[in-house]
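Chemist: A structural model of the following input is requested.
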Amino acid sequence: MAQKKGVRQVIALECTETGHRTYTTTKNTQNTQERLELRKFNPLLRRHTIYRESRKKLH
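Modeler: Numbering: from 1, shown residues only. The predicted structure is shown next:
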C-alpha cells in the first residue's frame, strides 16, 4: 500500500556508543527541527543506550 507524501520523513537512529543504526522511525520536520534523541535497547551491548538521529536520511 502506498503512503501519502507529507511532512513526515523516515529517519535512522544511530547509537552514540557503537555507531550502529539499529532503529528507524518517522518524524514531522515542521514541528521538530532539532535532532531526535531517544533511549533504546542496544542488542550488541545488551543494555539501553542513547540513540540520536543520524545525518543520513532514508527514503
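
Chemist: from the chain's centroid, how far away is the top strand by length along the chain?
Modeler: Criterion DSSP state E: the longest strand present in the chain is strand 47-57. From the chain centre to the centre of strand 47-57 is a distance of 6 Å (C-alpha atoms, centre = their mean, to the nearest Å).

Chemist: that one packs against which elements?
Modeler: On a contact count with 3 or more C-beta pairs under 8 Å, 6 or more residues apart in numbering; DSSP states H and E, strand 47-57 meets strand 8-15, strand 21-28, strand 37-42. Where C-beta positions appear, they are placed from N, C-alpha and C, glycine not excepted.

Chemist: most packed of those?
Modeler: Comparing those by mean neighbour count (mean count of other C-beta atoms under 10 Å), strand 8-15 ranks first with a mean of 17.

Chemist: and the longest strand of the chain, average pLDDT?
Modeler: Average pLDDT, strand 47-57: 89.

Chemist: keeping just the C-alphas, turn it into PDB.
Modeler: Taking C-alpha atoms only, strand 47-57 is exported to PDB below (Å, rounded to 0.1, in the frame of the first residue of the first chain):
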ATOM      1  CA  ARG A  47      21.700  -2.500  27.500                       C
ATOM      2  CA  HIS A  48      19.900   0.700  26.900                       C
ATOM      3  CA  THR A  49      21.900   3.500  25.200                       C
ATOM      4  CA  ILE A  50      21.200   6.900  23.700                       C
ATOM      5  CA  TYR A  51      20.200   6.800  20.000                       C
ATOM      6  CA  ARG A  52      20.400  10.100  18.000                       C
ATOM      7  CA  GLU A  53      19.000  10.900  14.600                       C
ATOM      8  CA  SER A  54      21.800  10.300  12.100                       C
ATOM      9  CA  ARG A  55      22.500  12.900   9.400                       C
ATOM     10  CA  LYS A  56      21.800  10.400   6.600                       C
ATOM     11  CA  LYS A  57      18.000  10.400   5.800                       C
END
